[in-house]
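[1] Requesting a structural model of the entry that follows:
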Amino acid sequence: MQSTKKIDVTESVIEAEKAATKLRWRQQLKNVTDEHQTFYQRNNNSFVLKRAKAMDLPFNTRVQMPQPHSQEIETKIRYAKVKIRHIVTNYTATHKGSENVDRETKTGIKQLHKRIKEGNIIIYPTDSSGRLRVDTHDNYRVYE
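    Model (predicted):
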């Protein structure tokens, strides 16, 4: 059974914004040499904190956004985000009733729901692996 995550417009907008931010950071850091990128110097086992960035220090809560690109590149980024939102919105509108599971899996889920409502079984996550376990009510009470 291969199940995929449901496509959501809000999630796609968030992912597009993450990609745009990564692009801005990549462009901003492109001109930095390897010597200036790291604040730890291996040759003499020392730290040069003036080279440290907020991302390098886990205890630093002050994080700044990267500088914007030129107006032309920012316009292209904005257009790409709008286009992604448009494509995802159209896709979700046309595939509104479609499921991401096959017919056999869907039938199995319906049968499990029916057996739960009838009180024949109980489904709960296991402690160690977090997988689901199907059991009778009597066996479940024994394990409690």
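[2] quick one: low-confidence ranges for this protein?
    1-5, 31-40, 51-63, 96-100, 142-144 (pLDDT under 70).
[3] what's the helix ranked longest in the chain packed up against?
    Looking across the chain with DSSP state H, the single longest helix is helix 71-94. Judged by 3 or more C-beta pairs under 8 Å, 6 or more residues apart in numbering; DSSP states H and E, helix 71-94 is in contact with helix 9-29. In this view, the C-beta of every residue, glycine as well, is placed from N, C-alpha and C.
[4] okay, the angle between the helix it packs on and helix 71-94?
    Interaxial angle of helix 9-29 relative to helix 71-94 (axes from the mean of the first three to the mean of the last three C-alpha atoms, to 10 degrees): 160 degrees.
[5] check contacts around the nearest residue to T92 once chain neighbours are set aside.
    Counting by C-beta to C-beta, 6 or more residues apart in numbering, the nearest residue to T92 once its immediate chain neighbours are dropped is I7, at 5.8 Å. I7 sits next to 88, 91-92 when contact means C-beta atoms under 8 Å, 6 or more residues apart in numbering.
[6] Confirm Y124 sits in a strand?
    Yes: residue state for Y124 (DSSP: H, G, I helix; E, B strand; the rest coil) corresponds to a strand.
[7] In space, what's closest to it - neighbours in sequence excluded?
    Using C-beta to C-beta, 6+ apart, the closest residue to Y124 is R133 (5.9 Å).
[8] cool, and T89?
    V9 (5.5 Å).
[9] Would you mind measuring from that neighbour to L23?
    21 Å (C-beta to C-beta, to the nearest Å).
[10] Let me see the domain layout of the protein.
    With domains defined by automatic domain parsing, the chain comprises 9-94, 103-143.
[11] These into CSV, with extra columns for mean neighbour count?
    Shown next, in CSV, are the domains of the chain (neighbours: other C-beta atoms under 10 Å):
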stretch, mean neighbour count
domain 9-94, 12
domain 103-143, 11
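[12] gap between the nearest residue to A80 once chain neighbours are set aside and K22?
    Nearest non-adjacent residue to A80, counting by C-beta to C-beta, 6+ apart: A16, 7.1 Å away. Counting by C-beta to C-beta, the separation of A16 from K22 is 11 Å.
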